[in-house]
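**Q** Okay, structure incoming, though there's no sequence with it:
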């Protein structure tokens, strides 16, 4: 049953993908940065040389980035040779990462939660450990991490009542996805 729910989730994501991309283009009228680097959102990193990342940190937007910066600075100060990949999902988060961390980290957009895009992400960057700075549960991403033996930890995790109801509706898929997480 969980497999069929995951397949339905993935199918619906593909069905709604054109609308998601059109929304990006619509947002780009007022904020042109939404039009840039769309390939990264689909897991294409052609202009970024592949290099294994020791640690991957995902921070959705500016708030999660700000929460992650002290941790990132501490890690980089303590382990100067650490190869750190920081992902986000918004142009404002991306700009803030570039402003605060510059070239001390590698930075890209996390791809949409589609199997091919997620597979390209993991193949390109080969992270050994992932820290997720929020409680967005991405089934294809989490399950791909487990399949590739990339431990995941959710930091700064909390759920609103509304989000909890939404995840509860997906029952087995949520449970299966969270089973791929090593630490919350």
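**A** Yes, it's here. Quantities reported herein were computed from a predicted structural model and do not represent experimental measurements.
**Q** if I pick the spatially most central residue of the chain, what's in contact with it?
**A** Per C-alpha atoms, centre = their mean, the C-alpha nearest to the average position across the chain is that of residue 110, at 4.1 Å. If you count contacts by C-beta atoms under 8 Å, 6 or more residues apart in numbering, residue 110 has them with 58, 87, 88, 89, 121, 141. C-beta coordinates here come from the backbone N, C-alpha and C atoms, glycine included.
**Q** Just list whatever residues bridge to residue 56.
**A** residue 85, residue 130 (DSSP bridges).
**Q** Burial check on it, number of neighbours?
**A** 25 (other C-beta atoms under 10 Å).
**Q** try residue 30
**A** Using other C-beta under 10 Å, residue 30 has 7 neighbouring residues.
**Q** any idea how far residue 112 is from it?
**A** 22 Å (C-beta to C-beta, to the nearest Å).
**Q** do residue 3 as well
**A** Relative to residue 112, and taking C-beta to C-beta, residue 3 is found at 20 Å.
**Q** neighbour count winner among these two?
**A** residue 112 (21 against 10).
**Q** which regions of the chain lie under the pLDDT threshold?
**A** Counting by pLDDT under 70, the chain has low-confidence residues at 1-2.
**Q** Please enumerate the strands of it.
**A** With DSSP state E as the criterion, the chain has strands at 55-58, 84-88, 106-109, 130-132, 152-154.
**Q** what's the first one packed up against?
**A** What that stands for is strand 55-58. helix 62-78, strand 84-88, strand 130-132 (3 or more C-beta pairs under 8 Å, 6 or more residues apart in numbering; DSSP states H and E).
**Q** starting at the chain centroid, how far to the last one?
**A** The one in question is strand 130-132. 8 Å (C-alpha atoms, centre = their mean, to the nearest Å).
**Q** Please report how far the residue nearest to residue 98 when sequence neighbours are not counted lies from residue 3.
**A** Once flanking residues are discounted, residue 98 sits nearest to residue 107: 6.6 Å by C-beta to C-beta, 6 or more residues apart in numbering. Counting by C-beta to C-beta, the gap from residue 107 to residue 3 is 34 Å.
**Q** list the helices and strands the lengthiest helix in the chain packs on?
**A** Identified as the longest helix of the chain according to DSSP state H is helix 2-30. Counting contacts by 3+ C-beta pairs under 8 Å, 6+ apart, helix 2-30 packs against helix 38-41, helix 139-147, helix 171-178.
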